[in-house]
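Peer 1: Next input, structure requested:
(chains A, B, C and D)
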Protein chains: 2
Amino acid sequence: MSRTPPQPDAPVPSPPRRRGPRGDAADTRGAVLAAARSRFAEHGYDGTKLRDVAADAGVDVALVSYHFGSKDGLFSAAMALNVNPAKFVEELTRDGVDGLGERLVRRLLGLLDDRGTPFVAMVRSAATNERAAVLLREFVQREVLGRLAAAIDAPEPELRAALTGSQVVGVIMARYIVRVQPLADADPETLVAAIGPTLQRYLTGAVVT
Amino acid sequence: MSRTPPQPDAPVPSPPRRRGPRGDAADTRGAVLAAARSRFAEHGYDGTKLRDVAADAGVDVALVSYHFGSKDGLFSAAMALNVNPAKFVEELTRDGVDGLGERLVRRLLGLLDDRGTPFVAMVRSAATNERAAVLLREFVQREVLGRLAAAIDAPEPELRAALTGSQVVGVIMARYIVRVQPLADADPETLVAAIGPTLQRYLTGAVVT
DNA sequence: GTCTATATATGGATAGAC
DNA sequence: GTCTATCCATATATAGAC
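Peer 2: Numbers count the residues shown, from 1 in each chain, chains lettered A, B, ... in the order given. You can find the predicted model right below:
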């Protein structure tokens, strides 16, 4: 197998770009960011080429470097989350700890099922790129699991948070990246029923002997 | 951050290699395979360079191509599992279905905790490389989860198998790749107690409403 | 701000001497 | 079987004209 042959997602037949400032809304930066999110989510950090991002955004490659300095800079900017972790956790825990696991799964799937979310990109990139792994670890641990652990009240909060994170990451890998059936195409509520109790136990149940 | 600066795992001070057949055991092929497993596990498919593999093995780069034809060929050879899935599942299910979840976790951690196992390489590579993703999906689904689903006797065996797989992959990501604490350094038996019941429920419990 | 052209680096693969 | 030398493709980054 020829190692994922050079297949640009869409051949992008090099649309004739005219010179000078763009006539339209001209938010080059925004267009590049959107394209980058999608690319990073699909192919991970190393698999994403600046040329493809530029082509998707309909701008020249050089502009990417111009606006974001480097591929790293682009990645950082693209990963800036569009959801507020604090608000996210607050909404989940607002109604108490009962059914928290189910609510967490439901909310997460709702967030991830509409494509291109930065989180999928982070998980994908984390597998091969050290920078992405650090970002993911720090973000998940501090911004999400830390808050979650603080909100519940049980012994060994860090372990509980990590266990919860492991199941969440596993679902993301299985459903969105590796696409194991029937999990990949399962109805969201099926997964809520199946996985919710797991997270509930990790968060509030008996996890250590 | 300069995107994982060019840091070979060990600087490898280019040991003076003499010409002609190796005087020692001379299992060049085996040495290359071992090095490849370790590299693929550490850096994934795309992150692994033939030059590094060759350096680790103490042989010339050209020999890698000579023996395995291409990077793809090397990957396939390296991924040839050193554990027999059929035997693995048989041993797990031999004593019945009680405590199956715990036994599965315990056996898995025992397998993965001594480094460089091909499975970590597959998970890591699957995130960005399509070939690795296909290999992982097919292997896990057919060789492991399929047998496991057949061995237990419960409705919706495929969903159960996939759910089990998701938690397993999640632990691998969290413990070996992203290294989320305290899960990364947790005592194996702690994880057996924490995660075993989850798998037990996925395999034999009530997972759908 | 945007483009062209190019420097620079990297990594897989091959030809051919030994 | 092993090594040297090299080709070639790919990709990031930058210089400088417009």
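Peer 1: Let me see the contact set for A:M122.
Peer 2: Contact partners of A:M122, counting by Cβ atoms under 8 Å, 6 or more residues apart in numbering or on different chains, are A:M79, A:A132, A:L135, A:L136, A:F139. C-beta here means a position set from N, CA and C on the backbone, and glycine is covered the same way.
Peer 1: Now name the helix or strand holding it.
Peer 2: helix A:118-126 (DSSP states H and E).
Peer 1: May I see the buried residues of the helix or strand just after that helix?
Peer 2: Sequence order places helix A:130-138 as the next helix or strand after helix A:118-126, per DSSP H and E. Residues of helix A:130-138 classed as buried by neighbour count (16 or more other Cβ atoms under 10 Å in any protein chain shown): A:E130, A:R131, A:A132, A:A133, A:L135, A:L136, A:R137.
Peer 1: Return the helix or strand in chain A with minimum mean pLDDT.
Peer 2: Sorted by mean pLDDT, DSSP states H and E, the helices and strands of chain A end with helix A:130-138, the least confident at a mean of 77.
Peer 1: Which other helices and strands does that one contact?
Peer 2: Contact analysis of helix A:130-138 by 3 or more Cβ pairs under 8 Å, 6 or more residues apart in numbering or on different chains; DSSP states H and E lists helix A:28-47, helix A:71-79, helix A:118-126 as its packing neighbours.
Peer 1: where in chain A is pLDDT low?
Peer 2: By pLDDT under 70, the weakly predicted segments of chain A are A:1-26, A:81-82, A:115-116.
Peer 1: Residue in it with the shortest distance to chain B?
Peer 2: Taking Cβ to the nearest Cβ, chain B has its nearest neighbour within chain A at A:G170, 2.3 Å off.
Peer 1: tell me which element the residue nearest to that residue when sequence neighbours are not counted is part of?
Peer 2: Leaving aside its sequence neighbours, A:G170 sits nearest to B:G170 (Cβ to Cβ, 6 or more residues apart in numbering or on different chains; 2.3 Å). Using DSSP H and E, B:G170 sits in helix B:157-172.
Peer 1: Let's see that helix as PDB, backbone CA atoms only.
Peer 2: The C-alpha trace of helix B:157-172 is given here as PDB (Å, rounded to 0.1, in the frame of the first residue of the first chain):
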ATOM      1  CA  PRO B 157     -21.800  -8.800  21.000                       C
ATOM      2  CA  GLU B 158     -20.300  -6.300  18.500                       C
ATOM      3  CA  LEU B 159     -21.300  -3.300  20.500                       C
ATOM      4  CA  ARG B 160     -20.000  -4.900  23.600                       C
ATOM      5  CA  ALA B 161     -16.700  -5.700  21.900                       C
ATOM      6  CA  ALA B 162     -16.400  -2.100  20.500                       C
ATOM      7  CA  LEU B 163     -17.100  -0.600  23.900                       C
ATOM      8  CA  THR B 164     -14.500  -2.800  25.500                       C
ATOM      9  CA  GLY B 165     -12.100  -1.800  22.800                       C
ATOM     10  CA  SER B 166     -12.800   1.900  23.400                       C
ATOM     11  CA  GLN B 167     -11.900   1.700  27.000                       C
ATOM     12  CA  VAL B 168      -8.800  -0.300  26.300                       C
ATOM     13  CA  VAL B 169      -7.600   2.100  23.700                       C
ATOM     14  CA  GLY B 170      -8.300   5.000  26.000                       C
ATOM     15  CA  VAL B 171      -6.200   3.500  28.700                       C
ATOM     16  CA  ILE B 172      -3.400   2.900  26.300                       C
END
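Peer 1: tell me which residues of that helix are tucked away?
Peer 2: For helix B:157-172, a neighbour-count test (16+ other Cβ under 10 Å) marks B:157, B:159-172 as buried.
Peer 1: distance between stretch A:49-63 and the chain's centre?
Peer 2: Taking Cα atoms, centre = their mean, to the nearest Å, one finds the center of stretch A:49-63 at 21 Å from the center of the full chain.
Peer 1: any bit of it sitting next to DNA strand D?
Peer 2: Yes. For stretch A:49-63, a contact with DNA strand D is found by Cβ under 7 Å from any atom of the strand, at A:K49, A:L50, A:R51, A:V61, A:A62.
Peer 1: how close does the closest residue to DNA strand C within chain A get to B:A184?
Peer 2: Relative to DNA strand C, the nearest point of chain A is A:D60 (3.0 Å; Cβ to the nearest atom of the strand). With the distance defined as Cβ to Cβ, to the nearest Å, A:D60 ends up 43 Å from B:A184.
Peer 1: Next: A:H67.
Peer 2: For A:H67, the distance to B:A184 equals 37 Å [Cβ to Cβ].
Peer 1: again with A:E158
Peer 2: From A:E158 to B:A184 the distance is 11 Å (Cβ to Cβ).
Peer 1: With A:R106 instead?
Peer 2: Noted for A:R106: a distance of 28 Å to B:A184, by Cβ to Cβ.
Peer 1: tell me the centre residue of chain A?
Peer 2: In chain A, the residue lying closest to the centroid (Cα atoms, centre = their mean) is A:F119, at 1.0 Å.
Peer 1: Now that one. Nearest residue, chain neighbours left out?
Peer 2: In space, A:F119 is closest to A:L112, 6.7 Å off (Cβ to Cβ, 6+ apart).
Peer 1: and that neighbour, what element?
Peer 2: helix A:100-113.
Peer 1: wait, what's in contact with A:V105?
Peer 2: A:V105 sits next to A:V171, A:L191, A:V192, A:I195, A:G196, A:L199 when contact means Cβ under 8 Å, 6+ apart.
Peer 1: Could you do A:L203 as well?
Peer 2: Neighbouring residues of A:L203 by Cβ under 8 Å, 6+ apart: A:V97, A:L100, A:G101, A:L148, A:I152, A:A154, A:R160, A:T164.
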